[in-house]
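Q: sequence first, then the predicted structure:
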Amino acid sequence: MASENEEESASSVSWRLIGPASELSKKQCRLMHSSLGYGSDVCLFYVKGEFFAMDARCAHSGGPLCDGDIEDADGLLQVFCPWHDYDFNLRTGQSGTGLQQQVYKVKLEDGSVYVKHASPLSLQTFPSSKKS
């Protein structure tokens, strides 16, 4: 059973180390798994020299945004959900449909990428924990 301090740190929003920018910048999108589970996973995008982070599942029907197409329309960077083609601005999470996708702050520090999130994030899945 997690101690009270462990539970508090897992649920408080803080900067989460993701990894070295030199490695993370090699792919346009990476799925980051959340210790809170599938519904809290995050996509880390690297587009035009910048990192962006948003919820990994589309606000419309839960489609995998990491599998979506990324387009630059006159400086507006968008990801399109592969299921129903809903668009989301990588900076704001706003969609032309009126839907809003949760976005997260990203920072580069000493060559590493950090995302501000309520739970630990990992490029690998977290082991499932059984609760009694």
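A: Noted; the coordinates are in hand. Quick caveat, the model's predicted, so the values are computed rather than measured.
Q: how about the strands in this structure?
A: For the chain, applying DSSP state E gives strands covering 14-20, 29-34, 42-47, 50-55, 69-73, 76-80, 87-89, 103-104, 106-109, 112-117, 121-122.
Q: any idea of the mean pLDDT for the last one?
A: Summarised as a single mean, pLDDT over strand 121-122 is 94.
Q: what lies in contact with that strand?
A: The contact list for strand 121-122, computed with C-beta atoms under 8 Å, 6 or more residues apart in numbering, reads Arg16, Ile18, Met32, His33, Ser34, Ser35, Val42, Val115. From N, CA and C alone the C-beta is placed, and that goes for glycine too.
Q: Ser14 pairs with what?
A: Under DSSP bridges, the beta-bridge partners of Ser14 are His117.
Q: i'd like the first residue to be 13 from this point on
A: Taking 13 as the first residue, the last one we looked at is Ser26.
Q: pretty sure it is touching Tyr126, no?
A: No - taking contacts as C-beta atoms under 8 Å, Ser26 lies outside contact range of Tyr126: 9.3 Å.
Q: which one of the two has more residues nearby?
A: Set side by side, Ser26 and Tyr126 show more neighbours around Tyr126, with 20 against 13, by other C-beta atoms under 10 Å.
Q: so what's the residue count around the closest residue to that one other than its chain neighbours?
A: Spatial nearest neighbour of Tyr126, excluding adjacent residues (C-beta to C-beta, 6 or more residues apart in numbering): Trp27 at 4.3 Å. Trp27: 13 surrounding residues under other C-beta under 10 Å.
Q: Gly110 now?
A: 6.
Q: now the closest residue to Trp95 other than its chain neighbours. Its backbone dihedrals?
A: Leaving aside its sequence neighbours, Trp95 sits nearest to Gly75 (C-beta to C-beta, 6+ apart; 3.5 Å). Backbone torsions of Gly75, given as degrees, to the nearest 10, read phi -60, psi 150.
Q: that'll do, ta.
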